[in-house]
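Participant: Generate a structure from the sequence data that follows.
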Amino acid sequence: METLAILVAAGRGLRMGTARPKAFLHLAGHPLLLRSACALAAAPTVDAVVAVVPEEEVEAARELLTGVSKLLAVVAGGERRQDSVLEGLKQAPDGFDGTVLVHDAARPLVEVALVEAVIAAARLGGAALPVLGLVDTVKRVSDGRVLATLDRSELAVAQTPQAFRYTLLVRAYEEAFRERLTLTDEAAAVERLGEPVLAVPGSPRNRKITTPEDLAWAESLLRAEGVA
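Facilitator: Just a heads-up that it's a prediction; the model follows:
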């Protein structure tokens with residue numbers, strides 16, 4: 001095994017306003033979790049996929065993902081994102097020294113080309129993630145007052161999948177857990193070590209489904225493509 005993909009789907013999705021975790025919501029007839037798992041499995045460089053879901057959804061997720069090629073395991077996640085990713089990392093085989101890819105199940109429209117580009121960059125530099133540049137002017141604001149206008153040419157929005165040399169991500173996580181930090185993404189842990197993280201061009205199609213409006217956008221996109 002050279003590349004292990006961890007599919008993070010343990011979040012509750014409170015902003016979606018549904019009783020069940022959003023990874024199980026349907027997009028054009030298929031759950032987000034299934035769409036994302038199939039997208040990762042379709043990438044030639046990905047060897048195995050581990051899905052991390054809420055504990056009470058493990059059996060349902062296993063049944064849902066039964067037909068997904070390259071599925072290695074479905075495991076219960078933790079309270080925070082980093083706790084869930086850690087559970088995924090534990091599924092790596094003994095002696096694994098390859099690349100680990102971490103992707104949000106809430107980004108079901110990720111393209112195979114983007115997955116492959118991120119993996120290639122991580123193999124080159126140790127860590128990589130896709131980013132999108134900003135088109136709007138960005139202000140720093142505090143207490144209702146504008147403090148400064150930021151140079152948007154130096155700013156970008158991070159996406160997943162993010163890929164890392166396995167030993168590097170494990171080391172970064174060990175340090176973050178030791179310092180009791182809560183991280184918003186995996187790259188932040190690696191950045192704290194002073195290690196470089198390469199940026200590759202992201203995709204507007206790779207939008208995170210967070211709100212009902214995001215889901216409606218994705219439905220509209222697939223409908224325009226003749227999928228829905």
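Participant: secondary structure class for the nearest residue in space to residue 115 that is not next to it in sequence?
Facilitator: In this structure, residue 115 finds its nearest non-sequential neighbour in residue 43, 4.2 Å apart by CB to CB, 6 or more residues apart in numbering. Yep, even glycine has a C-beta here, placed from its N, CA and C like the rest. With DSSP: H, G, I helix; E, B strand; the rest coil as the basis, residue 43 sits in coil.
Participant: burial count for residue 43?
Facilitator: 23 (other CB atoms under 10 Å).
Participant: wait, it sits on residue 114?
Facilitator: No - look at residue 43 against residue 114 with CB atoms under 8 Å: they stay out of range, at 9.1 Å.
Participant: Distance check, residue 36 against residue 102.
Facilitator: With the distance defined as CB to CB, to the nearest Å, residue 36 ends up 12 Å from residue 102.
Participant: Give me the more crowded residue out of those two.
Facilitator: Higher neighbour count among residue 36 and residue 102: residue 36, with 29 against 26, using other CB under 10 Å.
Participant: buried sites along the helix or strand hosting the more buried one?
Facilitator: Using DSSP states H and E, residue 36 sits in helix 32-41. With burial defined by 16 or more other CB atoms under 10 Å, the residues of helix 32-41 counted as buried are 32, 33, 34, 35, 36, 37, 38, 39, 40, 41.
Participant: show me what contacts the residue nearest the centre of the chain?
Facilitator: Most central in the chain under CA atoms, centre = their mean is residue 103, positioned 2.4 Å from the mean C-alpha point. Applying CB atoms under 8 Å, 6 or more residues apart in numbering, one finds that residue 103 lies in contact with 5, 6, 7, 8, 36, 40, 110, 115, 160, 161, 162.
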